[in-house]
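Student: Model the following, please.
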Amino acid sequence: MSERATREETVDVVWSGNWVAERLGVALEGDGDLRELLGLALRRNPKRAHLLVSNVLGKHVPQRPSVVHGAGFELGERVRALLGAAEARSAVVLGYAETATGLGHAVADGLRDAPYLHSTRRPVAGVEQAGGFEESHSHATSHLLLPEDGELLAGGAEASTLVLVDDEFSTGNTVLNTIRALHALHPRERYVIVALVDMRSADDRDRLTAFAAEIGARVDLVTRSTGTVALPDGVLERGQALVAAQEAEQPDADLRSPAPAPAPVTRVDLDWPAGVPDGGRHGFTPVHRAALEAALPAMADRIAAALGADEHRRPRRILVLGFEELMYAPLRLGTALEAALGPDAEVRCSTTTRSPVLAVDDPGYAIRTRLVFPAHDDPADGPGDRYAYNVAGAGFDAVVAVVDSTADTPELHAPEGLLARLAEHTGHVLLAVVPSYVPATSASERQEPAVLPEPLRGPDFSSYAPQDVGWLLQDLSDTELEAPTEEREEAIQSGGAHYAESLPVEYQPSAAYQALFTAALETSAARIARAVGTVTETVLAERGPRPVLVSLARAGTPVGVLMRRWAQHRHGLDLPHYAISIVRGRGIDATALRWLAAHHDPADVVFVDGWTGKGAITRELAAATAEFEASGGPAGFDPEIAVLADPGGCVRTYGTREDFLIPSACLNSTVSGLISRTVLRADLVGPDDFHGGKFYRELAGSDASGDFLAAVTARFDEVAGQVEAEAKELLAADRAPTWEGWAAVERISEEYGIHDVNLVKPGVGETTRVLLRRVPWKILAKRGAGTDLEHIRLLAEQRGVPVEEVDDLPYSCVGLIHPRFTRGATGADGKAVQGA
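Tutor: Presented below is the predicted three-dimensional model:
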């Protein structure tokens, strides 16, 4: 065995081509590396019976990422030496879908300065096709060339060398088809063909030589190993018969779970570098390469943290699984993870595929197990099966599934989808989503900035787990924004400032109030769990199968986290959840809406809030989304809000219409992941920035966010039966908003001489918040409201605010702000209301 071959991992001493060779008489002959590089399997393909299975491609056989990348990189270095540094710098590398997209990219890495493009079978709306060709023996034949830069493949007298990369060079037909198609459009003087193995017959070698002379171009060949496949007469028919016999003999070859319960699925936020494509489908430049290299270590650290912070308990054997054409991004994440975890971890990489191959559990056969699942990227040729080979039964402690955002669909998360199939065979499944690159040619109509900011996640921003919520905010934690309530309100009152331009000092609850919160949580956890389940089931029934939860920061965010956890606990769904800023009088964060539209279908977005008071935010959101669309923003966002409690009758999607204490209304940031209210100030937030927010790390000792989530989640199973009945009843009922609360607010505003409905804060949640944030004029309490108002009375006593018992109140309580008696009272535009 050569020194180079010893770098690959050889799992079995038996050659993984023996089974096919013995039964069909197929002979693999060549240099010493050949059997280390290749095994044999049988294809369910009418065009060619056998399949050469590479051990270093990172496709069907899990292999160390460093070995896979190194194999391509070394070939790229050899091409660079062949061309010379100057010509290599101007070369263009073209890889073949689906199996050689990662190999071609690694070859381009080895050339150092060469741009890279791979063919694709995924059409992209708005991107002009620069060429195409057929692959005669492949399961799926049509290749598209969709470069963002239309000049990338241009030829002419001074044209750069084109380097074509495939995993194997068997007949030469694919490469000939490519060169013929491209040469007719853009003639050039030199081509270099690169492959891991050259398996051509003598006749095929002569045919390539004649073809090069015919077009008048130089064609070089760079391969790692050379050999031939000897095929006896009738091998296609005999192979098809053998496949049929094996499938009849092993009808359960698609392995199912040996475990009683599937592994959990955790979404990990990669923080993929802005502007870097997910791969070479539309081109990948040296600038992109430098940006990705710089970002890889941090992304690997995020994956490692999601696998487990304690290195002694972290999974040891880890598979990074790519997705069809998306091979390079998972491969490089794998190389970075391999470096980050060191020799104590066994990191491997492989990729799913659309190619059907027979699985035979024999050490002399290259494809020992097969997982089958439906396509999950809405393929242009329609739905069909997809496959993951040699994953089941391989003893992986964890699998990191890497897909692009186009493929992060309900089918991926379905009970028979890829994630569920993986969860049957490993202890932990991580999902890492790489943003699908949108070329400028198709993004121009959307008038987006070249780079949109990315969501913030815990633990860097908030005490929530990273998979719980992505905050569409910018971090202003180091900016001084707080002032004592009286000073802040004086500034609002005297200068016409907007309430969202500053922050109140976070209220620090007394020991008595903290004890009240704890008691309230104990008594209301089941009621909250029931409301969470009911509103989530309603959303799934009406907006499913995989809605994107977008909570209104920050009161809606704990509810969004709980809804996400209900969907995961009861249905195994991993729903995306983001938090977005909406500001009274200023509208919703337009940059955040553009980000959502770039990563999800706006029609899937469900806005989430904690509760309704009089419905002001409901109206604000409807107006804001209409304005966003009218100004040229992406269309399709539904402004309807799903809330935990709707005592005001303002929405049609809710968990309950009771007005009771929701403990998350009590503690401000310390029950909301330690995040402040959102901030919108012109000197801090530009037109392409997210609104701002602060992470109060210093309050970690008082943080009850996790306790609140745990207390409610613990009651999910207990209330499941009630939720099923209530959701069924609600779905059949007339849930049209009654706006009963709005009418009551208008009456109270006039009766008490306030004359501005925005200064009337109805319901337990709104009254709690006004007591925490400012000094209201008075509190109206419904006579006989009982224990739900204990914390209101305590806060009012601490703040010196009178409580007036009244009858005929549709809410449990109402907080009143008076423009004559409350400094800094703010109206509909968020600015001070001037007293009479």
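Student: Run through the stretch 101-250 of the chain and note the low-pLDDT ranges.
Tutor: In the predicted model of the stretch 101-250 of the chain, residues 132-141, 155-159 satisfy pLDDT under 70.
Student: those strands in it, which residues are they?
Tutor: 116-118, 131-134, 142-145, 162-169, 190-198, 218-230 (DSSP state E, counting those that start in this stretch).
Student: Repeat that for the stretch 601-750 of the chain.
Tutor: Using DSSP E, counting those that start in this stretch, strands in the stretch 601-750 of the chain cover 605-611, 641-645, 653-656, 692-693.
Student: any idea of the angle the second one forms with strand 605-611?
Tutor: When you say that, I think you mean strand 641-645. Orientation check (axes from the mean of the first three to the mean of the last three Cα atoms, to 10 degrees): strand 641-645 against strand 605-611 gives 30 degrees.
Student: Check which helices and strands strand 641-645 is in contact with.
Tutor: Packed against strand 641-645, as judged by 3 or more Cβ pairs under 8 Å, 6 or more residues apart in numbering; DSSP states H and E, are the following elements: helix 511-543, helix 557-571, strand 605-611, helix 616-630, strand 653-656. Just so you know, the C-beta spots here come from the backbone N, C-alpha and C atoms, and that holds for glycine as well.
Student: average pLDDT for it?
Tutor: Averaged across strand 641-645, pLDDT comes to 93.
Student: Give me the distance between the closest residue in space to residue 284 that isn't next to it in sequence and residue 92.
Tutor: Residue nearest to residue 284 in three dimensions, not counting chain neighbours: residue 116, with 4.5 Å by Cβ to Cβ, 6 or more residues apart in numbering. Taking Cβ to Cβ, to the nearest Å as the measure, residue 116 falls 8 Å from residue 92.
Student: okay, these two: which has more neighbours?
Tutor: Neighbours per residue (other Cβ atoms under 10 Å) separate residue 116 from residue 92, with residue 116 holding more: 29 against 22.
Student: wait, isn't the more buried one in contact with residue 283?
Tutor: Yes. Between residue 116 and residue 283 there is a contact at 7.1 Å, judged by Cβ atoms under 8 Å.
Student: hang on, the earlier thing: give me every residue that touches the residue nearest to residue 284.
Tutor: 92, 93, 94, 95, 104, 105, 108, 280, 283, 284 (Cβ atoms under 8 Å, 6 or more residues apart in numbering).
Student: residues contacting the last one?
Tutor: Looking back up the chat, that one is residue 284. Residue 284 is in contact with 105, 108, 115, 116, 117, 277, counting by Cβ under 8 Å, 6+ apart.
Student: May I have the beta-bridge partners of the fifth one?
Tutor: With DSSP bridges applied, the residues forming beta bridges to residue 117 are residue 94.
Student: What degree of burial does it show, as a neighbour count?
Tutor: If we define neighbours as other Cβ under 10 Å, then residue 117 has 27 of them.
Student: now it: how far from residue 570?
Tutor: Distance, residue 117 to residue 570, by Cβ to Cβ: 45 Å.
Student: Over to the first one?
Tutor: For residue 105, the distance to residue 570 (Cβ to Cβ) stands at 41 Å.
Student: The two: which has the busier surroundings?
Tutor: Using other Cβ under 10 Å as the criterion, residue 105 and residue 570 rank with residue 105 on top: 28 against 17.
Student: Leaving out sequence neighbours, find the closest residue to that one.
Tutor: According to Cβ to Cβ, 6+ apart, the nearest residue to residue 105 is residue 328 (4.0 Å).
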